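*Asks:* Next comes the sequence, and after it the predicted model I'd like to discuss.
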Amino acid sequence: GAVVSQHPSWVICKSGTSVKIECRSLDFQATTMFWYRQFPKQSLMLMATSNEGSKATYEQGVEKDKFLINHASLTLSTLTVTSAHPEDSSFYICSARDRREAPNQPQHFGDGTRLSIL
Amino acid sequence: RKEVEQDPGPFNVPEGATVAFNCTYSNSASQSFFWYRQDCRKEPKLLMSVYSSGNEDGRFTAQLNRASQYISLLIRDSKLSDSATYLCAVIQNTGGFKTIFGAGTRLFVKA
């Protein structure tokens, strides 16, 4: 149980393109999902908290107009990297909290999206 | 100061060795504590939760010291397959419950 699917797993595109990444909870409902970014040999950095039916909460230093988050249902959150540039190339990982579980329980992670901007 | 700090390593150990990783966290209000394993170019996978009473799962033992804000992971009888990056993580309630990760400690187990 507690499967989180992330799509696509790998994206290569030209500079200036907007890229949408999907995060789906397959067998549970998630009122809250999280988006992380990981550069090589660095930690997972929390970018934003995605709340179903409301606006996302962004961490300090993360541009909300650059990284658009939509969480329109209890099983789907999307991250759109708008006008992506080479410096946006990174490993993007989502996680989801099962609404039945206490918030201090470990989240369930997707398998990540590797984004490469040429 | 980083919220969760770990020695990045790498730790290079022979098979069968015992290796210990340490982690410190700065927010005393942190509520839950975990060790994750991350293989190259993969998502992190939960290895174990960490409790003050200490907990063991096979060759892995985790310990939490709340007073010192310190978390540890001990791996006994290292296997080649243990080679990975080990991430320390805490859940904080700072405007919502969030998981904050350390930068990870790289382990290489060699034959």
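*Replies:* Alright, I've got the coordinates.

*Asks:* Can you tell me the SS state at residue B:81?
*Replies:* Here residue B:81 is recorded as helix under DSSP: H, G, I helix; E, B strand; the rest coil.

*Asks:* Next one: it relative to residue A:28, how far apart?
*Replies:* 29 Å (Cβ to Cβ, to the nearest Å). Using the backbone N, CA and C atoms, a C-beta is placed for each residue, glycine as well.

*Asks:* If you count neighbours, what's buried in the longest strand that chain B contains?
*Replies:* Identified as the longest strand of chain B according to DSSP state E is strand B:84-93. Buried residues in strand B:84-93, counted by 16 or more other Cβ atoms under 10 Å in any protein chain shown: B:84-92.

*Asks:* can you check stretch A:94-103 too?
*Replies:* A:94-98, A:103.

*Asks:* Report the contact partners of residue B:107.
*Replies:* B:9-11, B:13, B:19, B:21, B:75, B:78, B:82-86 (Cβ atoms under 8 Å, 6 or more residues apart in numbering or on different chains).

*Asks:* model confidence over the helix or strand hosting it, on average?
*Replies:* In the assignment (DSSP states H and E), residue B:107 maps to strand B:105-110. For strand B:105-110, mean pLDDT rounds to 97.

*Asks:* Same check on stretch B:68-75?
*Replies:* What stretch B:68-75 shows for mean pLDDT is 96.

*Asks:* do it and chain A meet?
*Replies:* No: against chain A, stretch B:68-75 shows no contacts by Cβ under 8 Å from any Cβ of the partner chain, the least distance being 14.2 Å.

*Asks:* The residue lying closest to residue A:107 once chain neighbours are set aside in helix, strand or coil?
*Replies:* Among residues not flanking residue A:107 along the chain, residue A:95 sits closest, at 3.9 Å (Cβ to Cβ, 6 or more residues apart in numbering or on different chains). Under three-state DSSP, residue A:95 falls in the strand class.
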